[in-house]
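Engineer: Just to be clear, the model below is a prediction. Sequence and coordinates:
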Amino acid sequence: MQLPYSDILDIAHFSRLFDNKSECYKLFWFQAIARKIKEGHEIITFETLINEMIADAWYMVSEYHLNLGPNDALERVVHRLGEISHMKSCEKKEVILKYLAVCEDKEVTAMKRTLSQNVPYRLQAPFMESMKGKEWNRSGKKLAERINQEQRLMYYFLQFHGLNTKIQIQKEWADYIEQNYEIIQGWVEFNLIQYLQRRNPSAPGIVDKLSPPKERDLEKVKKYWKMIVAIKPVCEIYGENPLNEKNISIDHFVPWSYVAHDELWNLTPTTRSINSSKSNSLPDWNIYFPMLCKSEYLSYEMMWEYPQIHKAFEKCAREHLNNQEIRHRLYQQGLSEREFSGRLEEIILPVYQSAKSMGFSNWSLKA
C-alpha cells in the first residue's frame, strides 16, 4: 500500500514499520499513537498508549474470540480485565478506558509493564539501521538514551519513569500523520487484517472484527417472519414461546461475532429477552438444531405456498442470501423436511464446530 509522499520526512523507512509482524504489538502501539496525534496530543505517556492498545484489542479478544498470538501479553491482559471487571464483551470503549485509568490490579499492571518493554523502542528500528544486535539488549532507560541520539525519528523519550515514561512526537511527523490520518489508518488496518488472518485462518469476516460490533439492519428478515406468524402460529426455538408481530427479535443461531454475516439460513426469530440472554453464545446443538430445522422448514413451506410470503422472501434474499449455491440447494422447491434438514445441517454444522473451536461458549435456556 502506497503511503503519501513527503519531501521532508523519511517515508521509505516509515513504510517498513510493520515489516516484521511476528507479534501484534507494533500495530496496536502505532495505531494508538496516530489516534492521539489526531486528538491533538504530541506528548503522551506509555500508560495512555497501552490503555488504548488494550481497549482496541478488547473486542477482538472478548467479543470475536480472535487469537492475537501464542502467549500474547495483550490478549492475556484483556482476559484478565474481563475476569475482574465483569464488563460486557461489547462494552463501549470509553467505559473500558475509564476502568483502565483507575484499575490497580497487580496482574494488569504487570502485563502493562510487559507491553512497555520492547515495542516503544523497537517500533522505530527501520529508521535506526546503525543499531545492530546487542545494542538493543539494554535496559529501557539506557535504550531510550541511545535512541534519543538518533536523528529524524518520529518520537523521542522525554523522561523515563516506568509506565509514566513520556514520548514526544516530532512536529513534522505529527503534521504528516494528522493530515494523512485516514490513509495511514487504512494502512494500519490492512496490516492488522493480514496479521489476524494468519493467526486465525478459520475465522470469517476479519475485516469486520477490528472494531466494536455495529447495529445490523435485519428489518426485511423481521418483516418476513411477521408475515409468517400473522398467517400461522409459530413458536421460537429456544423457549418455545409463541411469537407475534410485536415480540419478534431476529437471532443469529451461530453468533454474528463469529460468522460476521446476516445470511438467512443462520437467522431465526425469537423474543428480545431470549436474544439478550443468548448474546454471543452457541446454542446447544443437540437441543436446538432440531428445533431450528422445524422452524426453518415451516418458513420454507409457507414461502412456496403463499405468494405474498414468497415476495417477502425474495426481498430478504437480495440482502441475506449472497451465496447462490446455498440458495439453490436449500430453497429450491419440492424438498421434504428430511432433505431440507440434512442440507441445512451440511451448511451450519461446519460453521458451528469452527466457532466452538474458537472458544465460543455453549448455551441453553435451561442452564
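Structural biologist: That came in fine, so what should we check first?
Engineer: So, low pLDDT: which residues of the stretch 151-300 of the chain?
Structural biologist: By pLDDT under 70, the stretch 151-300 of the chain has no low-scoring segment.
Engineer: Just give me the neighbour total for residue 103.
Structural biologist: 16 (other CB atoms under 10 Å). Where you see a C-beta, it was placed from the backbone N, CA and C, and this is true even at glycine.
Engineer: Looking at the residue sitting furthest away from the middle of the chain now. What's its pLDDT?
Structural biologist: Here the chain reaches farthest from its C-alpha mean at residue 305, the gap being 40.4 Å by CA atoms, centre = their mean. In this model, residue 305 is scored at 96, pLDDT.
Engineer: separation between it and residue 232?
Structural biologist: 10 Å (CB to CB, to the nearest Å).
Engineer: likewise residue 168?
Structural biologist: Residue 168 is 68 Å from residue 232, by CB to CB.
Engineer: cool, residue 188 as well?
Structural biologist: Residue 188 is 51 Å from residue 232, by CB to CB.
Engineer: Just want the most central residue of this protein.
Structural biologist: residue 209 (2.6 Å).
Engineer: Contacts only, for it.
Structural biologist: By CB atoms under 8 Å, 6 or more residues apart in numbering, the contact list for residue 209 reads 59, 60, 63, 64, 66, 196, 203, 257, 260.
Engineer: quick one: contacts for the residue lying closest to the third one once chain neighbours are set aside?
Structural biologist: It stands for residue 63. Closest residue to residue 63 apart from its sequence neighbours, by CB to CB, 6 or more residues apart in numbering: residue 89 at 4.2 Å. With contact taken as CB under 8 Å, 6+ apart, residue 89 is in contact with 59, 62, 63, 82, 257, 279, 280.
Engineer: Assign residue 89 to helix, strand or coil.
Structural biologist: coil (DSSP: H, G, I helix; E, B strand; the rest coil).
Engineer: Which stretches in the stretch 201-350 of the chain count as strands?
Structural biologist: For the stretch 201-350 of the chain, the strands defined by DSSP state E, counting those that start in this stretch occupy 248-252, 267-271, 282-283.
Engineer: With the stretch 51-200 of the chain instead?
Structural biologist: 155-159, 166-169.
Engineer: Export the ones you listed as a markdown table, with columns for mean neighbour count and distance to residue 320.
Structural biologist: A markdown table is the format used below for the strands of the stretch 51-200 of the chain (neighbours: other CB atoms under 10 Å; distance: least, CB to CB, whole Å):
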| stretch | mean neighbour count | distance to residue 320 |
| --- | --- | --- |
| strand 155-159 | 17 | 47 |
| strand 166-169 | 19 | 45 |
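Engineer: Any chance of these in TSV with distance to residue 269 as columns?
Structural biologist: Compiled in TSV, these are given as follows (distance: least, CB to CB, whole Å):
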stretch	distance to residue 269
strand 155-159	53
strand 166-169	52
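Engineer: on that earlier part again, now, of the contacts of residue 209, which are buried?
Structural biologist: Buried subset of these (neighbour count, 16 or more other CB atoms under 10 Å): 59, 60, 63, 64, 66, 196, 203, 257, 260.
Engineer: my read: residue 57 touches residue 81, true?
Structural biologist: No. When contacts are counted by CB atoms under 8 Å, residue 57 is not listed as touching residue 81 (9.9 Å).
Engineer: Those two - which one has more neighbours?
Structural biologist: residue 81 (25 against 20).
Engineer: quick one, what contacts the closest residue to the more buried one other than its chain neighbours?
Structural biologist: Closest residue in space to residue 81, ignoring its immediate chain neighbours: residue 108 at 6.3 Å, by CB to CB, 6+ apart. The contact partners of residue 108, by CB under 8 Å, 6+ apart, come to 77, 80, 81, 84, 100.
Engineer: Could you tell me which of these count as buried?
Structural biologist: 77, 80, 81, 100.
Engineer: Which one of those is nearest to residue 131?
Structural biologist: residue 77 (28.5 Å; CB to CB).
Engineer: between the contacts of residue 108, which is nearest residue 298?
Structural biologist: Using CB to CB, the contacts of residue 108 come closest to residue 298 at residue 81, 43.4 Å.
Engineer: List the contacts of the closest one.
Structural biologist: Residue 81 neighbours (CB under 8 Å, 6+ apart): 54, 58, 87, 96, 99, 100, 103, 108.
Engineer: Sort out which of the residues you listed are in helices and list them.
Structural biologist: 54, 58, 96, 99, 100, 108 (DSSP state H).
Engineer: Output those residues as TSV; include the columns distance to residue 131 and pLDDT.
Structural biologist: Below are the ones in helices among the contacts of residue 81 laid out as TSV (distance: CB to CB, whole Å; pLDDT from 0 to 100):
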residue	distance to residue 131	pLDDT
54	28	97
58	33	96
96	35	97
99	37	97
100	32	97
108	31	97
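Engineer: Looking at those residues, spot the one nearest residue 270.
Structural biologist: After measuring the ones in helices among the contacts of residue 81 against residue 270 - CB to CB - the closest member comes out as residue 58, at 27.1 Å.
Engineer: For that closest one, give its distance to residue 288.
Structural biologist: 29 Å.
Engineer: and those two? which has more neighbours close in?
Structural biologist: The residue with more neighbours, out of residue 58 and residue 288, is residue 58; 24 against 20, by other CB under 10 Å.
Engineer: could you dump stretch 213-224 to CSV, C-alpha only?
Structural biologist: What follows is stretch 213-224 as a C-alpha-only set of coordinates in CSV (Å, rounded to 0.1, in the frame of the first residue of the first chain):
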residue,chain,number,x,y,z
PRO,A,213,-20.0,-4.6,16.6
LYS,A,214,-22.4,-2.2,14.9
GLU,A,215,-26.2,-2.4,14.9
ARG,A,216,-27.3,-4.6,12.0
ASP,A,217,-30.3,-4.0,9.7
LEU,A,218,-32.5,-7.1,9.9
GLU,A,219,-35.8,-5.3,9.2
LYS,A,220,-36.5,-7.3,6.0
VAL,A,221,-36.0,-10.6,7.8
LYS,A,222,-38.2,-9.4,10.7
LYS,A,223,-41.0,-8.4,8.2
TYR,A,224,-40.7,-11.8,6.5
